[in-house]
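**Student:** pasting the sequence and the predicted model now:
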Amino acid sequence: MSRGGLAFETGFPDALEEGAAVAILLHGRGSHMGDLQGLRPGLPPGTLVVTPQAPHPGAPWGYGSGWAWYRYVAEDRVVGATLHESLEALDEFMDALGSILPVTPGPVFLGGFSQGGTTSLAWALTRPGRVAGVLNFSGFLVEDDAVELTPDSTEKLRVFWGHGRRDPAIPFQLGEKGRRRLKEAGVDLTVGDYDIGHWIDPAELASARRWMEGVGSG
């Protein structure tokens with residue numbers, strides 16, 4: 001299936017409820033749309049999960065046979081044009097969400113792992129008020145003129161940011177830099193630090209679930 005030019009997979013509970021939470025989860029660099037469907041059992045019961053696939057083939061950039069949301073440069077820098085193409089594709093995808101979901105959604109969360117977390121943050125900051133919250137698992141905050149931290153973009157933004165202290169791909173220090181910027185801008189930020197590398201820990205997912213339940217209830 002595809003919407004807005006992005007292929008995607010869905011994971012819906014057997015018992016569908018009007019107003020259920022929705023999690024749009026973006027995979028990491030060199031991966032694919034099915035990758036984060038495995039997180040579904042760890043999310044709040046009844047959550048509808050939709051996992052789009054990034055628009056850029058990873059092979060030309062040396063990322064293997066999977067897909068990418070942007071071309072990475074170094075530290076927190078990316079090739080801006082490649083990221084903006086993905087953000088625009090996500091615009092169309094999110095606009096078409098109603099045709100994907102079998103029920104009227106409740107709170108919509110956007111998130112992902114690594115590149116997916118980075119892209120989710122960038123989209124939410126540049127499209128304020130579109131989602132209830134952002135789940136950033138081991139991503140970073142892009143340093144790009146187009147991803148500005150302004151009162152309009154940060155005032156009501158809620159973010160869960162989990163990161164491994166031993167992450168070799170996106171170092172913990174880089175995550176801390178992004179967190180500081182968000183805090184200074186007034187973002188409602190919840191953090192979780194874990195003695196892991198570049199992956200999602202079960203304790204991290206449990207914390208994210210509690211955070212989602214809190215955001216969804218109030």
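**Tutor:** Received, thanks. A quick note: this is a predicted structure, and the numbers were derived from the prediction, not measured.
**Student:** give me the pLDDT for the nearest residue to residue 196 once chain neighbours are set aside.
**Tutor:** Closest residue to residue 196 apart from its sequence neighbours, by CB to CB, 6 or more residues apart in numbering: residue 164 at 3.9 Å. For the C-beta atoms, the positions are set from N, CA and C on the backbone; glycine is no exception. pLDDT, residue 164: 98.
**Student:** just checking, residue 164 touches residue 173?
**Tutor:** No: here residue 164 does not reach residue 173: they are 11.9 Å apart, not a contact under CB atoms under 8 Å.
**Student:** which one's more surrounded, those two?
**Tutor:** Taking other CB atoms under 10 Å, residue 164 and residue 173 do not tie; residue 164 has more neighbours (24 against 11).
**Student:** show me the residues around residue 149 that make contact.
**Tutor:** 125, 181-182, 184-185, 187 (CB atoms under 8 Å, 6 or more residues apart in numbering).
**Student:** now residue 146
**Tutor:** By CB under 8 Å, 6+ apart, the contact list for residue 146 reads 80, 84, 126.
**Student:** repeat for residue 168
**Tutor:** 197-198.
**Student:** can I take it that it is in a strand?
**Tutor:** No: using DSSP: H, G, I helix; E, B strand; the rest coil, the assignment for residue 168 is coil, not a strand.
**Student:** and residue 124, what element?
**Tutor:** helix 115-126 (DSSP states H and E).
**Student:** what is that helix packed up against?
**Tutor:** Applying 3 or more CB pairs under 8 Å, 6 or more residues apart in numbering; DSSP states H and E, we find helix 115-126 packed against strand 22-26, helix 80-95, strand 108-113, strand 133-137, helix 151-154, strand 158-164.
**Student:** list the buried ones in stretch 135-144?
**Tutor:** For stretch 135-144, the neighbour count (16 or more other CB atoms under 10 Å) marks 135-142, 144 as buried.
**Student:** and if you look at stretch 41-52?
**Tutor:** Across stretch 41-52, burial judged by 16+ other CB under 10 Å covers 43-44, 46-52.
**Student:** residue ranges with poor pLDDT in this protein?
**Tutor:** Regions of the chain meeting the criterion pLDDT under 70 cover residues 1-4, 218.
**Student:** would you mark the buried spots in the helix holding residue 124?
**Tutor:** For helix 115-126, by 16+ other CB under 10 Å, it's 115-126.
**Student:** beta partners of residue 191?
**Tutor:** In this entry, residue 191 is beta-bridged to residue 161, by DSSP bridges.
**Student:** tell me how far it lies from residue 180.
**Tutor:** As defined by CB to CB, to the nearest Å, residue 191 lies at a distance of 11 Å from residue 180.
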